[in-house]
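Need a 3D model of the sequence below.
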Amino acid sequence: MGKYMKFVLIFGPQVVGKMTVGLQLSKITGLKLFHNHLTIDLISHFFDYGTKEGKRLVSLFL
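Residues are numbered from 1 along each chain as shown. Predicted structure coming up:
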């Protein structure tokens, strides 16, 4: 049997618990969690997130 990509997208407003839900789903399913904080933290070493350039780079990862 072939392998299938397993992908869950959690979308919603800020500060409603998406990360908490994602962490729990990761524990339950064994899927890896990729969240936008990873990209923002990476880019913020080079550009401020609020800048046009910073936002553009973050959007390329997502």
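
in the protein, which residue is closest to the centre?
residue 35 (1.8 Å; Cα atoms, centre = their mean).

contacting residues for that one?
Counting by Cβ atoms under 8 Å, 6 or more residues apart in numbering, residue 35 touches 18, 19, 22. All C-beta spots, glycine's among them, are computed from the backbone N, C-alpha and C.

Tell me, what's the model's pLDDT at it?
Listed pLDDT for residue 35 reads 82.

quick one: it from residue 14, how far?
13 Å (Cβ to Cβ, to the nearest Å).

same check, this time on residue 40
Plainly put, residue 40 is 13 Å away from residue 14 if you go by Cβ to Cβ.

Compare these two and say which one has the larger neighbour count.
More neighbours surround residue 40 than the other of residue 40 and residue 14, with 16 against 5 (other Cβ atoms under 10 Å).

Where does pLDDT dip in this protein?
1-2, 62 (pLDDT under 70).

going on from the longest helix along it, what's the next piece of helix or strand?
Secondary structure of the chain per DSSP state H: the longest helix is helix 18-29. Tracing the chain C-terminally past helix 18-29 and defining elements by DSSP states H and E, one meets helix 36-43 next.

Can I get that next one in CSV, CA atoms only?
In CSV, the C-alpha atoms belonging to helix 36-43 read as follows (Å, rounded to 0.1, in the frame of the first residue of the first chain):
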residue,chain,number,x,y,z
ASN,A,36,3.8,29.8,11.8
HIS,A,37,5.9,30.7,14.9
LEU,A,38,8.7,28.6,13.4
THR,A,39,8.9,30.8,10.3
ILE,A,40,8.4,34.0,12.1
ASP,A,41,11.2,33.2,14.6
LEU,A,42,13.5,32.3,11.7
ILE,A,43,12.8,35.4,9.7
